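J.: please find the sequence and the predicted model below.
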Amino acid sequence: MFFKKLLNSKLKLSLVFRSFIIDKNFRLAIIIYNMAKIEQKVLKYTVIIEPAQEGGYVAYVPLLPGCVTQGETFEEVRAMATDAIGGYLEVLTQNGEDIPMESEDIIETQVKVPIAGNILYNYEQSRQYKT
């Protein structure tokens, strides 16, 4: 009964294992929850969100190759990106790999690139054939 009450507790607890001797031949391991909070760290990642051609949004994380998700609304795609990053990091830790940490010194900017006439012409021609 005591064990069930501990499991149903809504407090944030960490696990501590203790063993109790029932008699000479048997030991019963009982999980006892300690009242200490589990320490968490918050990591920040750059997420690029773009409108999708079919509607909604697509998001990807440049630091985490293959970490891509989508959502119908901006709020949904942000939530999906957070979930995708969490899953990505969980798989990395399960595989014993290091978690990539984003530098605090990132500067995000856009640059304008002049395009020569022949490149622009070839681009426009290729777009005509795709539609």
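T.: Arrived safely, thanks for sending. All values derive from a computational prediction rather than experimental measurement.

J.: helices along the protein, start to end?
T.: Here the chain has its helices, by DSSP state H, at 2-8, 74-94, 117-130.

J.: so which of those helices is the most packed in?
T.: helix 74-94 (a mean of 15; mean count of other C-beta atoms under 10 Å). Placement of C-beta: from N, CA and C, glycine included.

J.: and the chain, what are its domains?
T.: 2-34, 48-94 (automatic domain parsing).

J.: now do the end-to-end distance for the last one.
T.: The reference is to domain 48-94. 26 Å (C-alpha to C-alpha, to the nearest Å).

J.: which ones are touching residue 55?
T.: Contact analysis of residue 55 by C-beta atoms under 8 Å, 6 or more residues apart in numbering lists residue 72.

J.: how much space between it and residue 94?
T.: Distance, residue 55 to residue 94, by C-beta to C-beta, to the nearest Å: 34 Å.

J.: what's the answer for residue 61, then?
T.: Distance from residue 61 to residue 94, by C-beta to C-beta: 18 Å.

J.: ok, residue 73 next?
T.: Taken as C-beta to C-beta, the span from residue 73 to residue 94 is 31 Å.

J.: ok, now residue 114?
T.: Counting by C-beta to C-beta - residue 114 and residue 94 are separated by 47 Å.

J.: thanks again, I'm all set now.
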